[in-house]
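Novice: build the 3D model from these lines:
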Amino acid sequence: MAREPKPPEEKGAENGGRQRSKRTKPGARTVAPSAALNDPQATRGAGAAGVGGGTFIAIIASALPEGLLKTVLIWLAPAATLTISALWIWARKRIISYLEDQEAEKYFLAARRAIEEALSNQSLTAEQRAEFEQNRVELDRLIVAQKMARATHLASRR
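Specialist: You can find the predicted model right below:
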């Protein structure tokens, strides 16, 4: 008894054309592995850092007398270029993420201070005071949502 071949399914209609890993839950958003490399902001400077590091190793190797160390360094120069580029991309993303979190925290605190100052004004009417209280509650919700999103993101990477 022969089996009929299955018709080809449309690739990833549910997740934007990307195939889902077997470890990924159904319906979860996936990112193509090359997505970070296609982002010009994420890779900015990586080529220069990598080429500079690899070239530096090659220059050191060329200054050495013939021998095993010189041969090893010459062979390692291309690998060093790739490694330094990858480290650059990783470090740059971490630093940018940290600085963005710090900036968001600064603005949250400034907004919170402004609301507190406004609430300390004795000439506010009850409805104005209620509006500022509502703004404070909304700001607190935003702060919690931002911290939860960051914590969830970090926990999902582990």
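Novice: does residue 57 lie in a helix or a strand, and which?
Specialist: Taking DSSP states H and E as the criterion, residue 57 maps to helix 46-63.
Novice: same deal with residue 99?
Specialist: Assignment of secondary structure by DSSP H and E places residue 99 within helix 68-119.
Novice: buried stuff in the next helix or strand after that helix?
Specialist: For helix 68-119, the succeeding helix or strand toward the C-terminus, using DSSP H and E, is helix 126-156. Residues of helix 126-156 classed as buried: 132, 135, 136, 139, 143 (neighbour count, 16 or more other C-beta atoms under 10 Å). The way it works is simple: take the backbone N, C-alpha and C, and place the C-beta from them, glycine included.
Novice: again, but for stretch 105-125
Specialist: Burial within stretch 105-125, assessed by neighbour count using 16+ other C-beta under 10 Å, is assigned to 108, 111, 115.
Novice: grab the nearest non-local neighbour of residue 73.
Specialist: What sits nearest to residue 73 in space, not counting adjacent residues and going by C-beta to C-beta, 6 or more residues apart in numbering, is residue 61, at 3.5 Å.
Novice: thinking the one you found is in contact with residue 67, fair?
Specialist: No: Residue 61 lies out of contact with residue 67 (C-beta atoms under 8 Å); the separation is 10.3 Å.
Novice: who has more neighbours out of these two?
Specialist: Set side by side, residue 61 and residue 67 show more neighbours around residue 61, with 17 against 8, by other C-beta atoms under 10 Å.
Novice: so who does that one touch?
Specialist: When contacts are counted by C-beta atoms under 8 Å, 6 or more residues apart in numbering, residue 61 is found next to 69, 70, 73, 74, 77.
Novice: go with 7 Å
Specialist: If a contact means C-beta atoms under 7 Å, 6 or more residues apart in numbering, then residue 61 has 70, 73, 74, 77 as its contacts.
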